[in-house]
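**Student:** okay, sequence plus prediction incoming.
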Amino acid sequence: MLNPSLILKRWLLVIVLAKALPMNSPAYGQIIQTNPQQPESFQERIRQQQEEQNQQTQEQMKETWLRLNLQEPQLQQQQRIQQQEFSRQRQEIIRQQQLRLQQQETRLQQQEFSRQQQLRIQDQQLRQQQQLRQQQQLRLQEQIRQQQLRQQKDNL
């Protein structure tokens, strides 16, 4: 598939050549020269105009060629620069997203660690409470036993 800018170049060249060729053709010049009814100065003026037009057309062709051949690489370079900038921005966005994900993962890990630690603390507190209850229960049992022993002793 042809590059659109290449197609544009070719069409512009065809248009410029289509304008330039009829004035450059030998038949066009012969018609002017073989017309005996026109005075020589008039023919000379037409010939000069024709040469000026030819020169202008050639200059226009040259300018068009230069513009197309100089601007095209600049446009391609500009396009490459834009693509590179787009890629750079895309990479930066991806990098930032990865950084956010890492931060989020770190936060989640910290939360999980805190949760586990809280669970350990709660578990330890529960064990301590159970031990206290057991100790209290043992003391109470011991007190009851002591009291029963005193009563038995008193009853004797």
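**Tutor:** Received it, and whenever you're ready, just let me know what you need.
**Student:** the protein: strands as residue ranges?
**Tutor:** Secondary structure of the chain by DSSP state E: no strands are present.
**Student:** count of residues packed around Ile46?
**Tutor:** Counted with other CB atoms under 10 Å, residues neighbouring Ile46 total 15. Every residue, glycine included, has its C-beta placed from N, CA and C.
**Student:** likewise for Gln53?
**Tutor:** Gln53 has 14 neighbouring residues, counting by other CB under 10 Å.
**Student:** please apply the same query to Leu126.
**Tutor:** Leu126, neighbours per other CB under 10 Å, totals 10.
**Student:** kindly report the same for the one 10 residues further on.
**Tutor:** Counted by other CB under 10 Å, the residues lying close to Gln136 total 10.
**Student:** what of Arg133?
**Tutor:** The number of residues packed around Arg133, counting by other CB under 10 Å, is 10.
**Student:** and if you look at Met61?
**Tutor:** Close neighbours of Met61, defined as other CB under 10 Å, add up to 16.
**Student:** what's the answer for the one 4 residues further on, then?
**Tutor:** Using other CB under 10 Å, Trp65 is surrounded by 14 other residues.
**Student:** where along the protein do the helices fall?
**Tutor:** 4-24, 26-33, 40-155 (DSSP state H).
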